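A.B. asks: Here's a sequence, model it:
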Amino acid sequence: APTDEAFLKLPAGLVTCLVRTNKKNNILADILKYHVVKGKILSTDLSDGLAVETLNGDSVVVDLSDGVKIDDSNVSTTDVVTSNGVIHVIDSVLLPSDIDIDAFFNTCKDIPEVAVDNGSFETLVAALAAADLVDALSEPAGPFT
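C.D. replies: Below you'll find the model as predicted:
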């Protein structure tokens, strides 16, 4: 399970974007399911190179060559036993390889946000603010071209 610090390593605004859009695309659910494996697997059950299928259908890979890693995440605490399983604490959020996070994140921004982030639309952004049109062009309004 990723810690709060692990979530902070994600690009700013990504968690909010995932939560806001989850009902239409399930990407947040897909990412969270990528952290869960059926069954109770303790650290003593792990072997180097072990591939384990997650609830989203993709597999994570165990790397024991330098400590314990799951994909690219370091495991900081193992075997936190709970009433219905076990938690292994990791230092980053696991992202399935079949999700293009950058492309997804761009679709989560509305017209004013993209204009601000781009840096080439400062005059447009100032004009939208002066004309009190930022809210009118922000989600959930639209679509616009």
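A.B. asks: Give me the buried stretch members for the longest strand along the chain, please.
C.D. replies: Looking across the chain with DSSP state E, the single longest strand is strand 73-82. Using 16 or more other Cβ atoms under 10 Å as the test for burial, strand 73-82 gives 73, 75. C-beta coordinates here come from the backbone N, C-alpha and C atoms, glycine included.
A.B. asks: Figure out how far it is from the centre of its chain.
C.D. replies: Distance of strand 73-82 from its chain centroid, counting by Cα atoms, centre = their mean, to the nearest Å, is 19 Å.
A.B. asks: Which parts of this protein are helices?
C.D. replies: 4-8, 14-25, 27-33, 101-107, 111-118, 122-130 (DSSP state H).
A.B. asks: closest to residue 45 out of the ones you listed?
C.D. replies: With Cβ to Cβ, the closest approach to residue 45 among these belongs to helix 27-33: 20.5 Å.
A.B. asks: Now do the closest one: everything it contacts.
C.D. replies: The contact list for helix 27-33 (Cβ atoms under 8 Å, 6 or more residues apart in numbering) reads 18-19, 21-22, 54-56, 93-96, 99, 104.
A.B. asks: Produce a PyMOL select command limited to the buried residues of these.
C.D. replies: Only the buried entries of these go into this PyMOL selection, using 16+ other Cβ under 10 Å:
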select buried, resi 18+21+54+56+93+94+95+96+99
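A.B. asks: I appreciate the help and will end here.
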